[in-house]
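In: generate a structure from the sequence data that follows.
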Amino acid sequence: MSEGELRKDRRVAFERPLDARVMAIDGTWQRACKIHDVSEMGAKLVIDGAVTDIGQREFFLVLSPIGLAYRHCELAWINGEFVGVQFINRGRAAKRARRGETLVK
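Out: Numbers count the residues shown, from 1 in each chain. This next block holds a predicted model:
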């Protein structure tokens, strides 16, 4: 079964991957990465450098250069150069995501 068949949520694949950064929760390290696809529940990334060097399962995916747009993530899988992350939702967004609701009705 292919990776795409295992996913249940709708994903947006980018023709050209988006530049982003991953950053430790305590801010002690950060790395450049590229977002290949994204959904409400997670994303597929390519992180610059060795993923094993990160040493943490939780980190932030920083979407803007000044850090105002970010998502709290947990490492879900590694397949070659690709890394899957699962977004750690809080509050109402998590409840909507579990029920399969969208932000716009």
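
In: could I get the pLDDT score of Arg99?
Out: pLDDT for Arg99: 63.

In: can you check Val22 too?
Out: pLDDT recorded at Val22 is 94.

In: just Leu75 next, same as before
Out: The confidence metric pLDDT takes the value 93 at Leu75.

In: can you tell me how far the residue nearest to it when sequence neighbours are not counted is from Glu74?
Out: Excluding its sequence neighbours, the residue lying closest to Leu75 (C-beta to C-beta, 6 or more residues apart in numbering) is Arg57, at 4.8 Å. All C-beta atoms are positioned from the backbone trio N, CA, C, and that covers glycine. Applying C-beta to C-beta, to the nearest Å, the value for Arg57 to Glu74 is 6 Å.

In: more crowded one of these two?
Out: Glu74 (14 against 10; other C-beta atoms under 10 Å).

In: spatially nearest residue to Met41, not counting backbone neighbours?
Out: Once flanking residues are discounted, Met41 sits nearest to Asp9: 4.9 Å by C-beta to C-beta, 6+ apart.

In: that neighbour: what's it in contact with?
Out: Asp9 is in contact with 39-42, counting by C-beta atoms under 8 Å, 6 or more residues apart in numbering.

In: buried stuff in the longest strand seen in the chain?
Out: Longest strand in the chain by number of residues (criterion: DSSP state E): strand 11-23. Using 16 or more other C-beta atoms under 10 Å as the test for burial, strand 11-23 gives 11, 20-23.

In: likewise stretch 43-58?
Out: Using 16+ other C-beta under 10 Å as the burial criterion, the residues of stretch 43-58 that qualify are 43-45, 47, 51, 54.

In: contact partners of it?
Out: 17, 20, 22, 24-25, 29, 31-38, 61, 72-75, 78, 81-85, 87-88.

In: one step back: as JSON lines, the buried residues of stretch 43-58 with distance to Pro65, secondary structure and pLDDT would be great.
Out: Shown next, in JSON lines, are those (distance: C-beta to C-beta, whole Å; DSSP: H, G, I helix; E, B strand; the rest coil; pLDDT from 0 to 100):
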{"residue": "Ala43", "distance to Pro65": "18", "secondary structure": "strand", "pLDDT": "96"}
{"residue": "Lys44", "distance to Pro65": "21", "secondary structure": "strand", "pLDDT": "97"}
{"residue": "Leu45", "distance to Pro65": "17", "secondary structure": "strand", "pLDDT": "96"}
{"residue": "Ile47", "distance to Pro65": "17", "secondary structure": "strand", "pLDDT": "92"}
{"residue": "Val51", "distance to Pro65": "23", "secondary structure": "helix", "pLDDT": "75"}
{"residue": "Ile54", "distance to Pro65": "21", "secondary structure": "coil", "pLDDT": "72"}
